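Participant: build me a model from this:
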Amino acid sequence: MRATTDYVTQPPGFFTDNFQDLCYTFPRRTARRKTVHPMSYFDNEALFKKFYVASDWANTVGSAIIALAGFVFALSTLLFGSLILFDFGFRKTAADSLAVHQTYLLLAAALFASKLLIELLAFRAAKWFAVVFRVLVLAVVFVILLAHLHAFPEAWSVISGALGGRTALLLGSLALMATQMHHLSGTLNRINISPSFLFAGSFLAMILAGAGLLMLPNATLQPISAYEALFTATSAVCVTGMMIVDPSAVFSPMGKNIILGLIQTGGLGIMTFTGFFSYLFLGSASLKDRFLLKDFFSGDQLGGLYKLLLKILLLTILVEAAGSVLIYRTLEGDWMHKTHNAVFHAVSAFCNAGFSVNPQEFNALHLQSNFSLQFILCGLVVLGGIGFPLLLYFYKVLKFNVKSIFFRVVGRNLPHEVLLLAVGERLALHATLVLLVLGAFLYYALEAGSPLPEHFNWSQGMTALVSSVNARTSGFSMTDPGGWSYPTVFLTIFLMWVGASPGSTGGGIKTTTLAVAVKTVASFLRGKDRLEIGNREIGSSTIVRAFSVIVLSLMFIFAGFLLLMIFDPGRNPVHLLFECVAAFSTTGLSIAGTMTLSTPSQVVLMILMFVGRIGPVIVLSGFLATQTQNLYRLPVENIKMN
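Facilitator: Numbers count the residues shown, from 1 in each chain. Okay, the predicted model is just below:
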C-alpha cells in the first residue's frame with residue numbers, strides 16, 4: 001500500500017505535485033461534503049429560469065418605457081419650438097398670452113418627466129462634469145416647475161418671483177433640449193455621408209431656417225418676399241454683409257436679433273455648437289465630429305479639441321462683451337438703443353460680417369468723425385480675422401505674464417515655460433501685419449495724395465487704416481467705395497481676395513495660402529526642390545492644397561464675373577468684378593449696388609457667398625473625393641511648361 005498524507009494535515013501553502021496523489025486525495029475530500037438532494041437542482045434551475053424570464057421582461061418593459069419617453073421628449077420639443085415661433089413670430093391677444101403660458105408649462109413638465117425617465121432607465125456613463133451638468137439641469141427645471149405651481153411657502157417668495165416668470169421657464173426648457181442635442185450628432189454620424197457634405201449641409205440648413213424666421217410677421221416692419229429673406233439669411237450665415245433690402249427700415253428689433261443670431265452661428269459654425277453641447281452633456285463625441293472641428297479650426301490633432309472648443313467659445317464671449325462695452329461708451333442716445341447697437345456691431349465686427357443696423361451704415365458724418373468707434377471696430381475685426389490659434393497663443397502669453405507677476409509678488413519662482421509659435425501661426429501673423437500696414441500705406445498714397453510725413457493728414461491716415469482693415473473680409477463701409485479710383489478698387493479686390501487667416505471667422509483664400517504660394521515660387525526661383533520655412537520643411541500636401549485653393553477661387557470668381565456680365569451687360573465690368581470678389585471673400589463691400597443688380601446676378605452672388613464661406617476645396621471634394629486608395633505608383637514623367 002503506497003503511503004500518502006491526508007490533505008487536511010498538510011501545512012499551509014502545500015500543493016501536491018503528483019497527479020496520482022491528486023486523484024487519490026480527491027475522493028476523500030469530496031466524501032466529507034454534505035450530500036445534496038437531486039431534486040434541489042431542479043428547484044434551483046426553475047428559480048433561475050424564473051429570474052431570467054423576469055429579467056428579460058423587465059428589460060423589454062424598460063426599453064418600451066425609454067422609447068416612449070424618447071418619443072414624448074421629441075414630440076414635446078417639436079411642439080415647444082412651434083409654440084416659440086407662434087409666441088414671438090406672430091401677433092397675439094391677451095387671451096392668447098395666457099393660453100401660451102399654460103401650454104409652455106405643460107410642455108416643460110412633459111420634457112422634464114420624459115428626460116427624468118430617460119436618465120433613470122437609460123443612464124449613460126460619462127465624464128463627471130457631464131453627469132453633473134445633466135443632474136443640475138434637471139434640478140433647476142424641477143425647481144422652476146415648483147415655482148410655477150406655487151409650491152413654495154410665502155417665506156420663499158424671492159425664489160418664486162425669480163423662477164416663476166416665463167423667461168425662466170423658457171430657459172429651463174431650452175436647457176433640457178440641449179441635453180439631448182448629442183442625439184442629433186449621433187443620428188448624423190450614422191448616416192453614411194462625407195464630412196464635407198455634412199459641413200456644407202449644416203450651413204445650408206441654417207440658411208433655410210434663417211430665411212423662414214425672417215419671414216415671420218413680427219420679424220419685419222413691412223412684408224418681404226421669400227427671395228429677399230433667403231438672400232438676407234445667406235448673407236448673414238456666410239458673414240458677408242451684402243443686402244438687397246435696408247435692414248434698418250425693413251426689420252423689427254426681433255428681425256435684427258434673428259440676423260444677429262445667424263451671424264454668430266455662421267461665424268463659429270453650427271457644428272461648433274452641436275459639438276460643444278455633445279461634449280458638455282455627454283462628455284465625448286464621435287470621431288466624425290472631431291474631424292469636422294479639426295478642419296474648421298485648422299487643428300492638427302484630434303485630442304483635446306473639445307477643451308480648445310470651450311476656450312474658443314469663452315474667448316468669443318469675452319471679446320464680444322468687451323467690445324460691446326467699449327462701443328456703448330462711444331454712442332449717443334437712450335440706453336436701450338445704445339445697448340442693442342453696441343452688441344450688434346460688436347458681434348458683427350468680431351465675426352467679420354460687416355452688417356450694420358444704421359440707415360447709412362457708417363457713412364453718416366457723425367460716425368465718420370467718431371474715430372474711437374472706428375478704432376474699436378477695427379480692433380474687433382482684426383481679432384476675429386487673425387484666427388483662433390493666434391488668439392489662444394496670445395491668451396497663453398498673457399496668462400504666463402500674469403502668473404509670473406503674481407509669483408514675483410509672493411516671492412516664489414515660476415517654472416520656466418517656453419511658448420513658441422507654430423510655423424502656420426507665424427506665417428499668419430506676419431502676413432496679417434504686412435497686409436495691414438502695406439494696405440494702409442497704399443490707400444493713403446492713392447486716395448489722400450502724398451504719403452510724405454510733412455504732408456500727413458491724421459484724419460485721412462485713420463481713414464486709410466480703417467479701409468485697409470475693412471477690406472480684409474469685414475466689409476464695414478466707412479467711406480463711399482463709389483468714389484475710389486481704379487487703382488484703389490483693384491487694391492481692395494486683392495485684399496478682399498486674400499482675406500483673413502485660417503481658423504478665423506473671416507473668408508478669402510487665407511493669409512497662409514498666399515504666404516505659402518509666394519514662398520514656394522521664391523524657393524523655386526532659387527533652384528530649391530523643397531520649401532523650408534524657419535526650421536521646418538513644408539509638406540507637399542500643404543503646397544498642393546494652397547495652389548488648389550488659389551486656382552479654384554479664381555475659377556469661381558471668373559465664372560461668377562462672366563455670368564454677371566451676361567445678366568447685367570450694361571454695368572461697369574470692374575464694378576461687377578468687385579461684386580464677385582466681395583461675395584466670394586465674404587467681405588460684402590459693394591460699388592455697383594447689390595440691390596440694383598438683376599435677380600439672376602443676385603443668385604450668382606448668393607452661390608459665391610456660400611462657396612466662399614464653406615471653401616471651394618471642401619465643396620468640390622464632397623463631390624469628387626473617392627474613398628479608395630491607390631496602392632500603386634506610376635512612372636514619373638516631367639512635362640514641359642515653357
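Participant: tally of neighbours for the residue nearest to Met215 when sequence neighbours are not counted?
Facilitator: Distances taken as C-beta to C-beta, 6 or more residues apart in numbering place Ala229 nearest to Met215, at 4.8 Å, with adjacent residues excluded. Every C-beta, even on glycine, is put in place using the N, C-alpha and C of the backbone. For Ala229, the neighbour count with other C-beta atoms under 10 Å is 22.
Participant: just say helix, strand or coil for Ala229.
Facilitator: Per DSSP: H, G, I helix; E, B strand; the rest coil, the local secondary structure of Ala229 is helix.
Participant: surely it meets Ile207?
Facilitator: No. In this structure Ala229 lies outside contact range of Ile207 using C-beta atoms under 8 Å: 10.1 Å.
Participant: and Phe152, its phi and psi?
Facilitator: Phi and psi for Phe152, reported as degrees, to the nearest 10, are phi -90, psi 150.
Participant: against Gly164, how distant is it?
Facilitator: Computed as C-beta to C-beta, to the nearest Å, the Phe152 to Gly164 distance reads 9 Å.
Participant: check the residue nearest to Met215 and give its pLDDT.
Facilitator: At Ala229, the predicted lDDT confidence score is 94.
Participant: go on, the one 4 residues further on?
Facilitator: At Ala233, the model reports a pLDDT of 94.
Participant: isn't it up against Ile207?
Facilitator: Yes. Taking contacts as C-beta under 8 Å, Ala233 lies within contact range of Ile207: 5.0 Å.
Participant: mind listing what's buried along stretch 426-441?
Facilitator: With burial defined by 16 or more other C-beta atoms under 10 Å, the residues of stretch 426-441 counted as buried are 426-429, 431-432, 435-436, 439-440.
Participant: got the contact list for Val521?
Facilitator: Counting by C-beta atoms under 8 Å, 6 or more residues apart in numbering, Val521 touches no other residue.
Participant: pull the longest helix from this protein.
Facilitator: Determined from DSSP state H, the single longest helix within the chain is helix 38-89.
Participant: just checking, what packs against that helix?
Facilitator: helix 94-121, helix 166-179 (3 or more C-beta pairs under 8 Å, 6 or more residues apart in numbering; DSSP states H and E).
Participant: where does the stretch 151-300 of the chain dip in pLDDT?
Facilitator: Applying pLDDT under 70 to the stretch 151-300 of the chain picks out residues 155, 182-195, 269-300.
Participant: what is the burial count for Leu310?
Facilitator: Residues contacting Leu310 under the criterion other C-beta under 10 Å number 13.
Participant: against Ile317, how distant is it?
Facilitator: For Leu310, the distance to Ile317 (C-beta to C-beta) stands at 11 Å.
Participant: re earlier: list the contacts of the residue nearest to Met215.
Facilitator: 210-212, 214-215.
Participant: which one of the residues you listed is nearest to Thr265?
Facilitator: Gly210 (8.6 Å; C-beta to C-beta).
Participant: in which helix or strand would I find the nearest residue to that closest one once chain neighbours are set aside?
Facilitator: Of all residues not flanking Gly210 in the chain, Ala233 sits nearest, at 3.5 Å (C-beta to C-beta, 6+ apart). Per DSSP states H and E: Ala233 is located in helix 226-237.
Participant: buried set for that helix?
Facilitator: Buried residues in helix 226-237 (16+ other C-beta under 10 Å): 228-237.
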